[in-house]
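S.K.: Here is my input; please provide its structure:
(2 chains)
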Amino acid sequence: DTAVSQTPKYLVTQMGNDKSIKCEQNLGHDTMYWYKQDSKKFLKIMFSYNNKELIINETVPNRFSPKSPDKAHLNLHINSLELGDSAVYFCASSQPSGRASYNEQFFGPGTRLTVL
Amino acid sequence: SQQGEEDPQALSIQEGENATMNCSYKTSINNLQWYRQNSGRGLVHLILIRSNEREKHSGRLRVTLDTSKKSSSLLITASRAADTASYFCATDEWGGSEKLVFGKGTKLTVNP
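M.R.: Have a look, this model is predicted:
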């Protein structure tokens, strides 16, 4: 049983196109994230949602728009794709830290986006 | 801003040897976590150490945390070829939002 799943696994598209990546988690977690991992393996958070509410937006261009229809899903839509958007995008989920400060995250397998 | 910095960037050892990776960070933290990423896969959580803990063990993994030096180390004992992966530290900043800040990772290669 897949805990955090993403589709598609690979996405190759032309500059200027609009594309979406879907993410679903069956762990019952309240919080979901999108990360971008560049070619040097640097992993940076983009967005975080808690119970469908946006709580983190890390200076990501407006071309990126996350959407959370329910707390088990967090999709990422990207408009007007640029060459620099090529990367691996990871979805993750966790329970909120609260006072316990416990924030283990569970990652999906990643979506490799290539913009030509 | 980047929080964790792993050292070394790459490490190559023989099976059976121990592997030590280090992580330094800049701000006060609630906890520090280590993750493993196999090639082409997502990250997998290995171990979490809280700011009031100094050492933690899990199987062949040993993590230390020195908050005065703002550093942590991950030791993998009796390494196996299957341990070949990239290892990342991530910090959960004290008073911050629900986000982890990841370092650039150490690429470990264990040769059979």
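
S.K.: hang on, isn't A:Ser26 packed against A:Ala3?
M.R.: One correction, residue A:26 is Asn, not Ser. Yes. Under the criterion of Cβ atoms under 8 Å, A:Asn26 makes contact with A:Ala3 at 6.3 Å. Glycine gets a C-beta too; all of them are placed from N, C-alpha and C.

S.K.: any common contacting residues for these two?
M.R.: Here A:Asn26 and A:Ala3 have no joint contacts, going by Cβ atoms under 8 Å, 6 or more residues apart in numbering or on different chains.

S.K.: So in terms of bridging, what pairs with B:Asn22?
M.R.: Assessed by DSSP bridges, B:Asn22 has beta-bridge partners B:Asp7, B:Ser73.

S.K.: ok, it touching B:Glu6?
M.R.: Yes. Assessed by Cβ under 8 Å, B:Asn22 is found in contact with B:Glu6 at 6.8 Å.

S.K.: So which of these two has more stuff around it?
M.R.: Ranked by neighbour count (other Cβ atoms under 10 Å in any protein chain shown), B:Asn22 and B:Glu6 place B:Glu6 first, with 23 against 16.

S.K.: Wait, the more buried one touches B:Phe88, no?
M.R.: Yes. Using Cβ under 8 Å, B:Glu6 is in contact with B:Phe88, at 6.9 Å.

S.K.: overlap in contacts of these two?
M.R.: Common neighbours of B:Glu6 and B:Phe88 (Cβ under 8 Å, 6+ apart) are B:Gly103, B:Lys104, B:Gly105, B:Thr106.

S.K.: Please read off the pLDDT at the first one from the model.
M.R.: Same thing as B:Gly103. Turning to B:Gly103, the model gives it a pLDDT of 88.

S.K.: How about A:Arg99?
M.R.: We have a pLDDT of 40 for A:Arg99.

S.K.: cool, and A:Phe64?
M.R.: pLDDT recorded at A:Phe64 is 95.

S.K.: nearest residue to it other than its sequence neighbours?
M.R.: Here the nearest residue to A:Phe64 in space, its sequence neighbours aside, is A:Ile78; by Cβ to Cβ, 6 or more residues apart in numbering or on different chains that works out to 5.5 Å.

S.K.: Nothing else from me, thank you.
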